[in-house]
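Engineer: got a sequence here, can you build the structure:
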Amino acid sequence: MKLARAVEDYIERKQSAGCKYTSPGRILRSFSRQLGNVALASIVPAQVSAFLNGPRTGVPTWRCKHGTLRVFFEYWALRGRVKTSPLPPNVPKCPSIFVPHIYSHAELHRLLDATAISQRGRSCVMDARTFRTLLLFLYGTGMRLGEAVKLKCGEVDLNTGVITVRDTKFYKSRLVPRSETHLCSPSADCLVQTRSRCATPTPRALNISGACRAEVNTEIPNHDA
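Structural biologist: Purely as a prediction, here's the structure:
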């Protein structure tokens, strides 16, 4: 079996099972282009290492490439197309550069006060009130930025205090409760459109482009940290 066919068959198999497989698919196709249409069983560790150690490849990218190729070759090894995996055995450790920080209430107030200034530029696509609401919402729920900006009005249930996040990471959905006693509990109210003047049938909860309007109340209690 040729590498190009093995890659396309594998991607098709993944997608038929319901996976988008976008980023891993790009890695496999890039690997196929670099090696050429060689026989799958003829690939040696030196060729794989050359791909893994390509230009501008940091440790996280290296590990992502390695993980994609590892399961790819395991798949074909189980089907008798290759005898052993040609991947290098040693995987470099990924250094942790993330330092967690919990904002105090005083820090959060200063951050929110700065939104009025930061959003004055003409290039800003989000007004200050919406940006303030977004920061409060992210702080109060722990949701990812992409999840918050895609949130639709019907996915925020104020009666039960539950937010439905659909088709998120790994293509799964989950429920996010909000606490009534939390500093940012009003932020969920801010995201819900209370008027019916919407330009789209499934309006976003956040008024980013100005196409949909919402009643906004972004005041937060002035508690000490």
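Engineer: contacts and neighbour counts: CA atoms only from here.
Structural biologist: Fine.
Engineer: biggest helix in the protein by residues?
Structural biologist: Using DSSP state H to define each element, the chain has its longest helix at helix 59-78.
Engineer: quick check: what element follows that helix along the chain?
Structural biologist: Of the helices and strands lying after helix 59-78 in sequence (DSSP states H and E), the nearest is helix 105-113.
Engineer: now the strands for the protein?
Structural biologist: Secondary structure of the chain (DSSP state E): strands located at 156-157, 162-165, 174-177.
Engineer: tell me which other helices or strands the last one touches.
Structural biologist: Spelled out, it's strand 174-177. Judged by 3 or more Cα pairs under 8 Å, 6 or more residues apart in numbering; DSSP states H and E, strand 174-177 is in contact with strand 162-165.
Engineer: what's the distance between residue 70 and residue 108?
Structural biologist: According to Cα to Cα, to the nearest Å, residue 70 stands 43 Å off from residue 108.
Engineer: and residue 147, by the same measure?
Structural biologist: In terms of Cα to Cα, residue 147 sits 21 Å off from residue 108.
Engineer: buried ones in stretch 143-158?
Structural biologist: 148, 151-153, 155-156 (16 or more other Cα atoms under 10 Å).
Engineer: thinking residue 34 is in contact with residue 50, fair?
Structural biologist: No. Residue 34 is beyond contact range of residue 50, at 9.3 Å (criterion: Cα atoms under 8 Å).
Engineer: shared neighbours, the two?
Structural biologist: Residues touching both residue 34 and residue 50 (Cα atoms under 8 Å, 6 or more residues apart in numbering): none.
Engineer: spatially nearest residue to residue 39 (excluding sequence neighbours)?
Structural biologist: Using Cα to Cα, 6 or more residues apart in numbering and skipping the chain neighbours, the partner closest in space to residue 39 is residue 2 (4.3 Å).
Engineer: which residues touch that neighbour?
Structural biologist: Contacts of residue 2 by Cα under 8 Å, 6+ apart are 37-40.
Engineer: with pLDDT and neighbour count as extra columns, can I get those residues in CSV?
Structural biologist: Listed next are those as CSV, based on pLDDT from 0 to 100; neighbours: other Cα atoms under 10 Å:
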residue, pLDDT, neighbour count
37, 90, 13
38, 95, 13
39, 96, 16
40, 95, 19
